[in-house]
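Student: Compute the structure for the input listed below.
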Amino acid sequence: QVQLVESGGGLVQAGGSLRLSCTASGLTLSTYPMGWFRQAPGKEREFVAATNYNGGTTYYADSVKGRFTISRDNAKNTVYLQMNTLKPEDTAVYYCNALRRYGGRYRIGDELNYWGQGTQVTVSS
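Tutor: Coordinates of the predicted model:
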């Protein structure tokens, strides 16, 4: 059974940083491109960032470009999201997921259906 577990969320002031982690069981992450997504209260889940199989290339939503960095450690079966210069509008539950393709730009449906519980990030102003 595939399980993705996100961690590292919390409450932080605007301008602060957090590092999220995503570990997997029942799934070898090195065989998938990986992505981070987020869902704010009352909004649809949205794409945040993605990385290819070995972390050599990445791409981001415009709203986080230059502030967030996705990375992966395949030896640890873990994907990370470093979030800097956080803003109140970054408040959301953050999820990781495996992707069915890596095309350099996100397309709806790229994500597989391995959603975990997510980790809450709250940024206060």
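
Student: How about the contacts made by the residue nearest the centre of the chain?
Tutor: Most central in the chain under Cα atoms, centre = their mean is residue 36, positioned 2.1 Å from the mean C-alpha point. Listed by Cβ atoms under 8 Å, 6 or more residues apart in numbering, the contact partners of residue 36 are 20, 22, 48-50, 68, 70, 79, 81, 94-96. In this view, the C-beta of every residue, glycine as well, is placed from N, C-alpha and C.

Student: how close does it sit to residue 69?
Tutor: 10 Å (Cβ to Cβ, to the nearest Å).

Student: cool, residue 25 as well?
Tutor: Distance from residue 25 to residue 69, by Cβ to Cβ: 25 Å.

Student: Quick check: neighbours shared by residue 36 and residue 69?
Tutor: 49, 81.

Student: in stretch 6-24, what's buried?
Tutor: Using 16 or more other Cβ atoms under 10 Å as the test for burial, stretch 6-24 gives 6, 8-9, 12, 18, 20-24.

Student: Out of the contacts of residue 36, name the ones that lie in helices.
Tutor: Per DSSP state H, helices hold no members of these.

Student: can these go into CSV with extra columns for pLDDT and distance to residue 104?
Tutor: Formatted as CSV, the contacts of residue 36 follow (pLDDT from 0 to 100; distance: Cβ to Cβ, whole Å):
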residue, pLDDT, distance to residue 104
20, 98, 23
22, 97, 21
48, 98, 16
49, 98, 13
50, 97, 9
68, 98, 17
70, 98, 14
79, 97, 18
81, 98, 19
94, 98, 22
95, 98, 21
96, 97, 19
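
Student: Take those residues and keep only those in strands.
Tutor: 20, 22, 48-50, 68, 70, 79, 81, 94-96 (DSSP state E).
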